[in-house]
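> Predicted model follows, preceded by the sequence.
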Amino acid sequence: MAMLRDGQYAAWFRTPRGEGTGIVRLADGKISGGDTMFAYGGTYEVDDNNFTATLTTRRFAESSSTTVFGCDEVEARLTGRFNGTTAVCWGAAKEAPGIRFEATLFLQQQELPTAPGPTSPPPRGDLTRLPQTPHSRRAAKQIVTRLT
């Protein structure tokens with residue numbers, strides 16, 4: 001089953017050095033996205049359910065944490081496969097030789113617009129149909145006595 005390749009994906013990525021998550025947008029052969037510390041960019045080509053991609057990363061936020069590659073800016077060459085609403089890919093970056101990169105992308109479903117509210121006010125309730133409370137103290141006392 002071929003999937004809709006253009007869209008927004010939640011990404012889970014990992015190397016032997018660690019793992020992380022981000023958001024990736026695929027649109028007309030271009031990659032964009034990011035996470036809390038990095039912006040992603042690049043390109044991809046699709047052949048049936050297979051794809052190749054070049055992914056670049058650029059740090060935009062200072063942090064003492066290390067990256068999954070061990071360096072801030074990389075250009076990773078990836079190979080992958082689409083499977084329904086998921087894509088998996090793997091590869092490496094020339095800036096981090098010997099570190100295998102893997103990622104799983106999950107297509108984010110478009111939120112459906114909420115149904116519009118009523119166009120007219122709700123009908124008024126008929127207060128005469130509600131149960132009546134007793135008008136005398138004696139009747140009220142009898143009800144309380146029966147309930148206890």
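Good, I have the coordinates.
> When you work out contacts or count neighbours from here on, use the C-alpha atoms and nothing else.
Will do.
> Phi, psi for Pro123 please.
phi -60, psi 150 (degrees, to the nearest 10).
> How much space separates the residue nearest to Glu19 when sequence neighbours are not counted from Gln132?
What sits nearest to Glu19 in space, not counting adjacent residues and going by CA to CA, 6 or more residues apart in numbering, is Phe13, at 5.5 Å. Relative to Gln132, Phe13 is positioned 66 Å away (CA to CA, to the nearest Å).
> More neighbours: these two, which one.
Phe13 (19 against 8; other CA atoms under 10 Å).
> Enumerate every residue touching that one.
Phe13 is in contact with 19-21, 101-104, counting by CA atoms under 8 Å, 6 or more residues apart in numbering.
> Go again with 6 Å.
19-20, 102-103 (CA atoms under 6 Å, 6 or more residues apart in numbering).
> what about Asn49, neighbour count?
Counted with other CA under 10 Å, Asn49 comes out at 15.
> Wait, it touches Phe82, no?
Yes - if you go by CA atoms under 6 Å, Asn49 and Phe82 touch, sitting 5.1 Å apart.
> so what's Asn50 bridging to?
Taking DSSP bridges, one obtains Asp47, Arg81 as the residues bridged to Asn50.
> Pull up the gap between it and Gly33, please.
21 Å.
> more crowded one of the two?
More neighbours surround Gly33 than the other of Asn50 and Gly33, with 19 against 15 (other CA under 10 Å).
> So which residues of this protein form strands?
7-15, 18-27, 30-34, 38-47, 50-59, 75-83, 86-93, 101-107 (DSSP state E).
> Of all these, which one comes closest to Thr66?
strand 18-27 (8.8 Å; CA to CA).
> What average pLDDT does the closest one get?
Strand 18-27 carries an average pLDDT of 94.
> Also stretch 39-50?
For stretch 39-50, the per-residue pLDDT averages 93.
> got the buried residues for that stretch?
For stretch 39-50, burial by neighbour count (16 or more other CA atoms under 10 Å) applies to 39-44.
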